[in-house]
Each structure stands twice: as structure tokens, then as C-alpha cells.
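1. What follows is a protein structure lacking sequence information:
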């Protein structure tokens with residue numbers, strides 16, 4: 001089976017590579033000539049565990065190809081996935097210009113029945129716009145070539161995307177015809193051997209499912225952060241509370257970990273987009289507005305704790321930061337808490353030294369030399385007045401506290417992800433503060 005995937009960003013490259021791994025012939029298309037050139041030379045533009053090996057092997061074995069010429073592949077494929085970016089517009093709504101551009105080019109060039117599947121996260125009603133554009137382009141050509149549109153939202157977790165794609169909880173597919181359903185069933189048949197479910201539904205429901213899923217997960221995170229902040233005030237321990245409610249089968253334990261806010265390319269963007277979709281239909285998403293407010297507050301909480309500790313004497317202090325990416329196992333810094341903290345620290349006149357196992361180049365690309373980049377985690381804390389833990393990378397979990405105490409001007413640790421044992425750290429003479437404990 002031959003397919004094309006337009007867009008070689010996170011979703012497009014992971015999806016194309018995994019389809020190729022399952023025996024599908026995949027051509028990934030992107031207008032960025034530099035990106036395609038690098039991929040053809042074996043250079044992977046994003047960090048994702050296991051991805052590089054799969055890309056190189058499937059490209060070498062001929063199942064995964066890369067090109068900038070979309071029209072050249074249309075004659076040979078049965079399905080085209082649109083996985084281009086949908087960045088937030090100025091008002092928070094999803095910017096669909098790239099999605100609609102793909103639809104326009106698709107309508108201008110198809111010569112046989114083909115299914116255009118939207119893989120990007122798009123608001124409800126986007127497939128209808130895509131379909132209208134394709135029909136308009138075919139009308140301009142004087143052609144009546146049959147086609148279908150479909151929706152196949154992704155549910156990949158950065159840092160575990162390969163596993164998520166190859167062994168997902170479910171695959172959601174929105175379709176309008178039996179023919180499209182048969183073709184999508186054929187595509188996903190190799191995955192059915194793993195006994196996971198493909199859930200077929202109407203297209204608007206599939207589009208909504210993606211936003212609803214991410215918004216629910218974001219809601220759980222903000223809920224627990226709100227509870228954690230209250231725990232600090234009343235003397236409760238949020239970790240005990242988390243265990244107490246997480247064992248309730250109606251609730252479950254996932255996404256109940258308090259911390260210093262969520263970030264990334266999905267939760268912030270999707271929550272905002274769903275709020276805007278509701279507004280356009282005259283409805284207010286009151287719960288999601290609160291979710292967003294809590295998260296924005298939570299991104300500042302580590303800084304607030306630092307400021308409370310040092311009072312008005314922060315200026316000139318050297319502050320070490322461990323973790324820049326919005327989560328472990330990725331170099332993605334979109335909406336990362338670290339960017340908020342760095343901005344707040346700079347405003348108070350602090351010297352900032354940072355370390356992240358993967359995201360240092362991405363940080364430099366975003367903020368340049370406005371911070372000092374440490375060679376390793378221990379170099380970051382040298383002569384520091386406080387250490388802020390913002391991303392729970394595995395290598396940060398069991399540090400050499402003796403080295404840290406000797407290296408720092410003052411052993412102050414603010415744990416934004418609650419990964420350390422409070423009693424153990426405090427026994428060493430470290431001034432330790434985390435989230436959700438008095």
C-alpha cells in the first residue's frame with residue numbers, strides 16, 4: 001500500500017516512520033527544502049527516543065522516502081495524510097492556512113480516487129472546509145474525480161511516541177463513506193494483530209475527540225495543581241491525597257501528579273482552540289477557562305517560592321535550572337515552564353545557569369545567550385544560590401547531594417516536579433521546597 005504524509009514535523013515524521021515500519025510504502029512531503037535534505041542525509045530534525053533508528057532503517061530498505069514535490073507522488077498513492085502545523089492564531093484559535101493549502105493542492109492535482117486524511121489537530125468543521133476547497137478546485141478543472149476526506153487524530157505522547165503509535169489504546173477514524181472505511185481498515189490491518197481497537201465514527205466527532213481528550217488530561221493536571229496549592233495552606237500532603245483518590249477506580253491514578261504547570265505543543269494549544277471554538281458558537285467553556293488560568297498561575301509557582309525564600313534580595317543571585325524541555329524525553333520547549341521562569345528571573349536581575357540533557361540547542365535557538373549553558377548538571381549548580389528542578393529527567397532523580405552541597409553557595413532546592421524525598425533531602429541540611437506540602 002502506498003501513502004503520502006504532508007508535513008514532516010513531529011506528527012508527520014513519527015506517523016510516516018511507523019507506517020513504514022509496518023510494511024507500508026510511505027513518502028513524506030515537506031515544503032522545507034533544508035529539512036528534506038537533512039532527512040535524505042539521515043539527519044533527524046526532532047528528538048524522540050527510537051525514531052532515528054527507525055527512520056534510517058526504513059529509508060535504507062526503501063519503504064520511507066522524502067520529497068518536496070507533493071504533486072509527483074499523488075498518482076501513486078491511495079491515501080494522503082495532512083500532518084501540517086496548526087499553530088495558535090493571535091486569538092488562540094487554530095491557524096488552518098497550511099491545512100487548507102494542502103487541500104487546495106490536493107484538489108488541483110489528483111487524477112484518481114484518493115482519500116485525504118487530516119492528521120493535524122483541527123477544530124470541528126475543518127473537514128467540511130477541506131472538502132469544499134477540494135470540490136472548488138475540481139470544479140475549476142472541469143473534473144469530477146471521486147475523493148473522500150477523513151479524520152484520523154493522533155494521540156502521541158512526546159517521549160513515547162513510537163510505542164504509542166505501534167501499540168495505541170485506540171485509533172480514532174472519522175469517515176463519510178464505506179469506501180474510505182475499507183481503505184483505512186486496510187491501512188491499519190497490520191496493527192490489528194496487536195488487538196487494539198480502531199473506532200470508526202463521523203468526522204465531526206473524530207475532530208472533537210482529539211480536543212476533548214487533551215482538554216480532559218489538562219483538566220486533571222490543573223485540578224491536582226489547585227489541590228496541591230490548597231494542601232500547602234491547610235497542612236495536607238498532596239502525594240497522600242493523590243494516592244487516596246487515584247486508587248478510586250472511577251478516577252484512576254494517571255495525570256494526577258502536581259507540579260509547575262503543563263506545556264508542550266498539545267495541551268496549551270488545544271485547550272485554547274476548544275475555548276475559541278465554543279466562543280464562536282456562543283458558548284463559554286467555563287471549566288477549561290479555569291484550567292488555563294490555573295496552569296498559567298502554576299508556571300510561576302517555583303519562582304514565587306524562590307522569591308518568598310529570598311525576599312527582596314534576589315538581584316545578583318545565581319540560580320541554577322535543571323530541565324528546560326516541557327517534559328522528559330523530548331527537546332520540545334513550546335509553552336515550557338522554563339521559559340516563564342527564566343523571564344521572571346531575568347526581570348529580577350538574577351544570573352541564570354541552565355542544563356538539560358537534550359534541549360540546550362533548542363533553548364539557545366529561542367533565547368540565545370541570555371542565560372549561561374552548563375556542561376552538565378553539576379556544573380550548573382557551581383556557586384549557585386538555588387537550584388530549580390523544572391523537568392523530571394531520569395538523570396536528575398538520584399543526584400550526588402554531597403557534590404551539590406559543596407558546590408552551591410547555599411543549598412536551596414525547589415523541586416517543581418516532586419521527585420525527591422523531602423525527609424531525606426532535609427536531613428542533609430538542604431533547604432528543600434516542593435509542590436503541595438506545607
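-> It's in. Predicted model, so just to flag it, every value in this text is computed and none were measured. Numbers count the residues shown, from 1 in each chain.
2. So which residues of this structure form strands?
-> 2-6, 25-29, 64-67, 79-82, 114-118, 147-151, 170-174, 197-201, 318-322, 351-355, 372-373, 386-389, 412-415, 431-433 (DSSP state E).
3. Give me the contacts around the fifth one.
-> Residues from elsewhere that reach strand 114-118, judged by C-beta atoms under 8 Å, 6 or more residues apart in numbering: 74, 77-82, 99, 102-103, 106, 126-127, 130, 134, 147-153, 180, 183-184, 207. (C-beta placed from N, C-alpha, C; glycine too.)
4. Now the buried members of those.
-> Among the contacts of strand 114-118, those scoring as buried are 74, 77, 79-82, 99, 102-103, 106, 126-127, 130, 134, 147-153, 180, 183-184, 207 (criterion: 16 or more other C-beta atoms under 10 Å).
5. any weak-confidence spans in the stretch 301-438 of the chain?
-> The stretch 301-438 of the chain contains no residues with pLDDT under 70.
6. Quick one: neighbours of residue 218, just the number.
-> By the other C-beta atoms under 10 Å criterion, the neighbourhood of residue 218 contains 23 residues.
7. and if you look at residue 310?
-> Residue 310: 18 neighbours (other C-beta under 10 Å).
8. Now it. Nearest residue, chain neighbours left out?
-> Leaving aside its chain neighbours, residue 310 sits nearest to residue 317 (6.6 Å; criterion: C-beta to C-beta, 6 or more residues apart in numbering).
9. Please determine how far the one you found is located from residue 37.
-> 45 Å (C-beta to C-beta, to the nearest Å).
10. More neighbours: which of the two?
-> Between residue 317 and residue 37, counting by other C-beta under 10 Å, residue 317 is the more crowded of the two (20 against 12).
11. any idea how far residue 110 is from the closest residue to residue 105 other than its chain neighbours?
-> In space, and not counting its chain neighbours, residue 105 is closest to residue 70: 5.7 Å by C-beta to C-beta, 6+ apart. According to C-beta to C-beta, residue 70 stands 11 Å off from residue 110.
12. Please identify which of the two sits among more neighbours.
-> Neighbour count, other C-beta under 10 Å: between residue 70 and residue 110, residue 110 has more, with 23 against 19.
13. The more buried one contacts residue 71, correct?
-> No - taking contacts as C-beta atoms under 8 Å, residue 110 lies outside contact range of residue 71: 9.5 Å.
14. Give me the pLDDT value at residue 58.
-> Looking at residue 58, its pLDDT reads 96.
15. burial measure for the nearest residue to residue 372 once chain neighbours are set aside, as a count.
-> Using C-beta to C-beta, 6+ apart and skipping the chain neighbours, the partner closest in space to residue 372 is residue 353 (4.4 Å). Residue 353 is flanked by 20 other residues according to other C-beta under 10 Å.
16. go on, residue 325?
-> By other C-beta under 10 Å, neighbour count at residue 325 equals 29.
17. Help me confirm that it comes into contact with residue 337.
-> No - using C-beta under 8 Å, residue 325 is not in contact with residue 337, being 9.9 Å away.
18. Which of the strands of the chain sits closest to residue 422?
-> Closest approach to residue 422 among the strands of the chain (C-beta to C-beta): strand 431-433, 6.0 Å.
19. so how far is that closest one off the chain centroid?
-> In terms of C-alpha atoms, centre = their mean, to the nearest Å, the centre of strand 431-433 is set 30 Å apart from its chain centre.
20. In this structure residue 148 contacts residue 180, no?
-> Yes - if you go by C-beta under 8 Å, residue 148 and residue 180 touch, sitting 4.0 Å apart.
21. for the chain, what's the longest helix?
-> Ranked by residue count, the top helix of the chain under DSSP state H comes out as helix 203-234.
22. Helices of the stretch 201-350 of the chain, start to end?
-> Secondary structure of the stretch 201-350 of the chain, counting by DSSP state H, counting those that start in this stretch: helices at 203-234, 238-246, 267-280, 286-298, 301-310, 337-347.
23. and the first one, which residues are buried?
-> Same thing as helix 203-234. By neighbour count on 16+ other C-beta under 10 Å, the buried set for helix 203-234 is 203-204, 206-211, 213-215, 217-229, 231-232.
24. before we move on, back to that, any chance of the helices of the stretch 201-350 of the chain in JSON lines, with distance to residue 383 too?
-> Formatted as JSON lines, the helices of the stretch 201-350 of the chain follow (distance: least, C-beta to C-beta, whole Å):
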{"stretch": "helix 203-234", "distance to residue 383": "30"}
{"stretch": "helix 238-246", "distance to residue 383": "32"}
{"stretch": "helix 267-280", "distance to residue 383": "35"}
{"stretch": "helix 286-298", "distance to residue 383": "29"}
{"stretch": "helix 301-310", "distance to residue 383": "16"}
{"stretch": "helix 337-347", "distance to residue 383": "16"}
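25. With residue 374 as the reference, measure out to the closest residue to residue 381 other than its chain neighbours.
-> Excluding the flanking residues, the one nearest residue 381 by C-beta to C-beta, 6+ apart is residue 320, at 4.6 Å. As judged by C-beta to C-beta, residue 320 and residue 374 stand 8 Å apart.
26. can you check residue 422 too?
-> Distance, residue 422 to residue 374, using C-beta to C-beta: 26 Å.
27. same thing with residue 268?
-> Taken as C-beta to C-beta, the span from residue 268 to residue 374 is 27 Å.
28. Equivalent analysis for residue 100, please.
-> Applying C-beta to C-beta, the value for residue 100 to residue 374 is 44 Å.
29. again with residue 168
-> Distance from residue 168 to residue 374, by C-beta to C-beta: 38 Å.
30. List the residues that contact residue 294.
-> 222-223, 225-226.
31. Distance to residue 243 and pLDDT added to the residues you listed, as a markdown table?
-> Converted to a markdown table, those look like this (distance: C-beta to C-beta, whole Å; pLDDT from 0 to 100):
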| residue | distance to residue 243 | pLDDT |
| --- | --- | --- |
| 222 | 19 | 97 |
| 223 | 16 | 97 |
| 225 | 17 | 97 |
| 226 | 18 | 97 |
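32. can you name the two of these that are farthest apart?
-> 223 and 225, at 7.3 Å, using C-beta to C-beta across the contacts of residue 294.
33. still on that earlier bit, was I right to think the residue nearest to residue 381 contacts residue 380?
-> Yes - between residue 320 and residue 380 there is a contact under C-beta under 8 Å: 4.4 Å.
34. out of these two, which sits in the more crowded spot?
-> residue 320 (29 against 24).
35. so what's the more buried one bridging to?
-> Applying DSSP bridges to residue 320 gives these bridge partners: residue 353, residue 387.
36. which residues does it contact?
-> Applying C-beta under 8 Å, 6+ apart to residue 320 gives the contacts 353-355, 374, 380-381, 384, 386-388, 408.
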